[in-house]
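Novice: Here's my sequence, what's the structure:
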Amino acid sequence: MLGERIRTIRKQKKLTLEELAGSELTKGMLSLIENNKANPSMESLAYIAERLEVEISELLGQVSVYELRDVLEEAEKLFNKDTDKYPNKYKELIALIKPYASKLHQGYEAARLLDIYGRSLYWENNDTWSQHCDLAARLYDQMNITAKRAGIGFFRAIVKFVEHDYEQALKILLNERKEIEAKHAYIDSITRLDFDYQEASLHFAVGDTVSAKRVMDAAISYSKTNKTFYLIDDLYRLAAAYAMMAGDKESHEYYLEKLRQYAEFADDQLSKLIYQLFYIELLNTVKKEYQVALDHSEKYLKDPDFNEPIRHWFYLEKGKALHGLTRFKEAISIFDKIQIPTYHHHPFDLSQFYLADTYKALCYVELGKITEAISAAKKAVMNFTSLPNSPYKEFSLKTYENIVNQVK
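Specialist: Below is the predicted model of the structure:
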């Protein structure tokens, strides 16, 4: 406590109450402060610190802000490193910040260090992570640092999202948004679009397409009206994926064109690849131009430096094209190469990959391998169990039922 620290330092300096009180404080008031029965004003605290020849931060039990800035600079550099290249970065962050964790009570540096510390503890499976994020959130609220405060809200929701507890993730996000909008007088455009995108995505994840489309359309409209194109490619991608699932050909082609225009305008390689992926899917599922879809897929897959996680998406489309061309053995061999990237947790993404087993089942049927067909179809149905209803889920279930009925 503050009073105890003042008393301890006073005695270390061999000062009496009267000597420390000097001309600015009374002995009685100083006694009350030391016994934590009265709180000194900032002026009195500065006076006491000066008399004791220490920094105010030392009386408050805090480390110097200059020291915290140095620690934060090091922490930020480490936090922003690629986890794949630096697998021990969270352990190193915990070791770096832990000595200061109990002394982080005020200021941006304290809030941000608590923020990073809490996230690092989470990724190292330490259950105490949330209390540090809670402290960081309160400090961000006090300083009205909206974007960082929202970041903690997103992180809390993501924790449940990666567990595929989509209902709880949405509930957390909506509560966080409500609380932040109530406490922060101004929400900047970037933070608003972050909230809109995350909310729309989670509404889709729980199968509430009405709410999802409302929030998504509002975000796209806001972006256009305010000429703030942050996350616009992600919103177009979400809209295109929904239109494909809903069988809305006109909207799908519209948002596909928007994706192409953005990729060209931004000259972003990843956006260009995602556009190509959506286009190949269109060729496979709507236009039934399987040879063209196969040619496009192989063009990218032949590149040895091709983006590895994206590669599995192109395997998926190549397998579907081969199935459409009745090249069933080849299709199965391609589907067998697919690995679901570890960062995919949204039902839209998982549904696509789970369909690989459904297509494998269809291939096995054509090859007369009914036992393998039933096994693959059943695996797909089991994977879809926890996901909300969708055309993909229905297709998977119907395929399994048709194969079982054929056997009967």
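Novice: so how many other residues sit close to Lys299?
Specialist: Other residues near Lys299 come to 13 when the count uses other Cβ atoms under 10 Å. All C-beta spots, glycine's among them, are computed from the backbone N, C-alpha and C.
Novice: Now the helix-or-strand element of the chain with minimal mean pLDDT: buried residues?
Specialist: Least confident element among the helices and strands of the chain, by mean pLDDT, DSSP states H and E: helix 56-59 (a mean of 74). Applying a neighbour-count criterion of 16 or more other Cβ atoms under 10 Å, one finds Ser57, Leu59 buried in helix 56-59.
Novice: before we move on, what about stretch 201-213?
Specialist: Ser201, Leu202, His203, Phe204, Ala205, Val206, Asp208, Thr209, Ala212, Lys213.
Novice: between those residues, which is nearest Leu294?
Specialist: Nearest to Leu294, judged by Cβ to Cβ, of those is Phe204 at 29.7 Å.
Novice: Helix, strand, or coil at the closest one?
Specialist: helix (DSSP: H, G, I helix; E, B strand; the rest coil).
Novice: Isn't it up against Ser351?
Specialist: No. Look at Phe204 against Ser351 with Cβ atoms under 8 Å: they stay out of range, at 11.0 Å.
Novice: one step back: give me the residues contacting the least confident helix or strand of the chain.
Specialist: When contacts are defined by Cβ atoms under 8 Å, 6 or more residues apart in numbering, helix 56-59 is touched by residues Leu2, Arg5, Ile6, Ile9, Leu45, Ala46, Ile48, Ala49, Leu52, Val63, Ser64, Val65.
Novice: wait, isn't the fourth one in contact with Val54?
Specialist: Yes. With contact defined as Cβ under 8 Å, Ile9 counts as touching Val54 (6.3 Å).
Novice: So for these two, which sits in the more crowded spot?
Specialist: More neighbours surround Ile9 than the other of Ile9 and Val54, with 19 against 16 (other Cβ under 10 Å).
Novice: what's the closest non-adjacent residue to the more buried one?
Specialist: Among residues not flanking Ile9 along the chain, Leu52 sits closest, at 5.1 Å (Cβ to Cβ, 6 or more residues apart in numbering).
Novice: Got the domain ranges for this protein?
Specialist: Domain segmentation of the chain under automatic domain parsing yields 2-59, 340-408.
Novice: Please identify the most buried of those domains.
Specialist: Highest mean neighbour count of these: domain 340-408, a mean of 18 (counted as mean count of other Cβ atoms under 10 Å).
Novice: next one: that one to chain centre, how far?
Specialist: 28 Å (Cα atoms, centre = their mean, to the nearest Å).
Novice: for Arg10, what are its contacts?
Specialist: Leu17, Leu20, Glu34, Leu52.
Novice: can you rerun that using 7 Å?
Specialist: Leu20, Leu52 (Cβ atoms under 7 Å, 6 or more residues apart in numbering).
Novice: quick one: the one helix or strand it maps to to chain centroid distance?
Specialist: Under DSSP states H and E, the secondary-structure element containing Arg10 is helix 2-12. Centroid separation for helix 2-12 versus its chain: 45 Å, with Cα atoms, centre = their mean.
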